[in-house]
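Chemist: my questions are about this predicted structure, shown below with the sequence.
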Amino acid sequence: MPFVIAAAVALAAAAAWLARPIAPDPDRRAQLSNAVGALDRELAANLELMTMFDQTKQAVVLENGQFAVHRTALEREAPPVAASLADLYARMPDAESAMERRGPANSIREADRLIIETWEGDARAAQRALRASLDPHVVRGWRAAIARLRAWRTAR
């Protein structure tokens, strides 16, 4: 019986040691911070361009260079945000085309207006999600234990 108690205590201690929090890697955190900053500025510029379009009804060309540069860092550190940004950037040509199609007196068809406004709203949501991805994500509990066991297994 003492052997069973000692084994249970040792097992609980090992589980607690494996489940201790894992802080994010500083280098990967810096890459994420750079990516978020660059994409946040680009989305802010695009939203300002969309505001100019709303006021003048003159088509604008949206900025789209930073996502390609920082895509891998985002996919590694914030996969849901990267997926929403990939969708947003894929729909950018549709929004630009919708801005170019104008009728008499710079009128815009309802379908084109919907494309433009949907893109603009999704860009605002993506910007908020992008900023939220900078919150530190400390891995705890069973996820930390599983991550440590996987790292140990691949290191062997």
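Modeler: Yes, it's here. Note that this is a predicted model, so its numbers are computed, not measured.
Chemist: how close does residue 87 get to residue 150?
Modeler: 30 Å (C-beta to C-beta, to the nearest Å). Bear in mind the C-beta positions are built from the backbone N, C-alpha and C, glycine included.
Chemist: and residue 27, by the same measure?
Modeler: 20 Å.
Chemist: could you do residue 6 as well?
Modeler: As judged by C-beta to C-beta, residue 6 and residue 150 stand 28 Å apart.
Chemist: quick check, central residue of this protein?
Modeler: Nearest to the mean C-alpha position of the chain, by C-alpha atoms, centre = their mean, lies residue 81 at 2.2 Å.
Chemist: show me the contacts for that residue.
Modeler: For residue 81, the contacting residues are 74, 126, 129, 130, 133, by C-beta atoms under 8 Å, 6 or more residues apart in numbering.
Chemist: distance from the helix or strand hosting the second one to the middle of the chain?
Modeler: Here residue 126 sits within helix 110-132, counting by DSSP states H and E. Between the mean C-alpha point of helix 110-132 and the mean C-alpha point of its chain there is a distance of 14 Å (C-alpha atoms, centre = their mean, to the nearest Å).
Chemist: got it, and stretch 47-57?
Modeler: From the chain centre to the centre of stretch 47-57 is a distance of 25 Å (C-alpha atoms, centre = their mean).
Chemist: so what touches that stretch?
Modeler: 58-63, 99, 102, 106, 108, 116, 119-120, 123-124, 127.
Chemist: which positions within the helix or strand encompassing residue 89 qualify as buried?
Modeler: Secondary-structure assignment from DSSP H and E places residue 89 in helix 79-90. Buried residues in helix 79-90, counting neighbours by 16 or more other C-beta atoms under 10 Å, are found at 81, 82, 84, 85, 88, 89.
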